[in-house]
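In: model this:
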Amino acid sequence: MRETVTAETLQQKMAIGIVFERCHFVDCTFSHIDFTDASFLHCDLSNCTFSNSLLYRTAFTNCKMVGTKFVGMTLTATSFVDCLMERAAFEESVWKHVTYQASTLTNSDWYAVKHDRL
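Out: Numbers count the residues shown, from 1 in each chain. You can find the predicted model right below:
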């Protein structure tokens, strides 16, 4: 999927095995979505919000995620590789086996995140 999505609220969906490549999401909200075995490749998710959703075996690679919010999320076996995530907010989320490689998290907010490791 390669496209620009603007100010959309995507909710109560299953996104299993989906690949987003070179997509630009502008001020979008992802709410109550099950992302399992999903991939975001070279996407811009800046200022988007992920809320009350599941990221399971999901990979973000070379993504721009400045100001992106993750609220009430469950992240399991999720990876962020070469992502720009300045001023991202991670609030009241549970993380298990989340990995970061060569990603920038300057000035990020980690309020009430429960994790097994970062």
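
In: Am I right that Ala59 is in contact with Ser39?
Out: Yes - the criterion here is Cβ atoms under 8 Å, and Ala59 meets it with Ser39 at 4.9 Å. Glycine gets a C-beta too; all of them are placed from N, C-alpha and C.

In: Mutual contacts of the two, please.
Out: With contacts defined as Cβ atoms under 8 Å, 6 or more residues apart in numbering, no residue is shared by Ala59 and Ser39.

In: Chain neighbours aside, what residue packs nearest to Ala112?
Out: Nearest non-adjacent residue to Ala112, counting by Cβ to Cβ, 6 or more residues apart in numbering: Glu92, 4.5 Å away.

In: ok, now which ones touch the one you found?
Out: Neighbouring residues of Glu92 by Cβ under 8 Å, 6+ apart: Val71, Gly72, Tyr111, Ala112, Val113.

In: What spatial separation is found between it and Ser46?
Out: 21 Å (Cβ to Cβ, to the nearest Å).

In: Just the buried residues of the contacts of Glu92.
Out: Val71, Val113 (16 or more other Cβ atoms under 10 Å).

In: Mind putting the contacts of Glu92 into TSV with secondary structure and pLDDT?
Out: As requested, those are exported to TSV (DSSP: H, G, I helix; E, B strand; the rest coil; pLDDT from 0 to 100):
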residue	secondary structure	pLDDT
Val71	strand	95
Gly72	coil	95
Tyr111	coil	82
Ala112	coil	82
Val113	coil	86
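
In: Nearest to Thr78 among the contacts of Glu92?
Out: Val113 (13.0 Å; Cβ to Cβ).

In: Pull up the gap between the closest residue to Ser108 other than its chain neighbours and Phe70, please.
Out: Distances taken as Cβ to Cβ, 6+ apart place Ala88 nearest to Ser108, at 4.6 Å, with adjacent residues excluded. Ala88 is 7 Å from Phe70, where distance means Cβ to Cβ.

In: now do Leu84
Out: Note on Leu84: its distance to Phe70, by Cβ to Cβ, is 15 Å.
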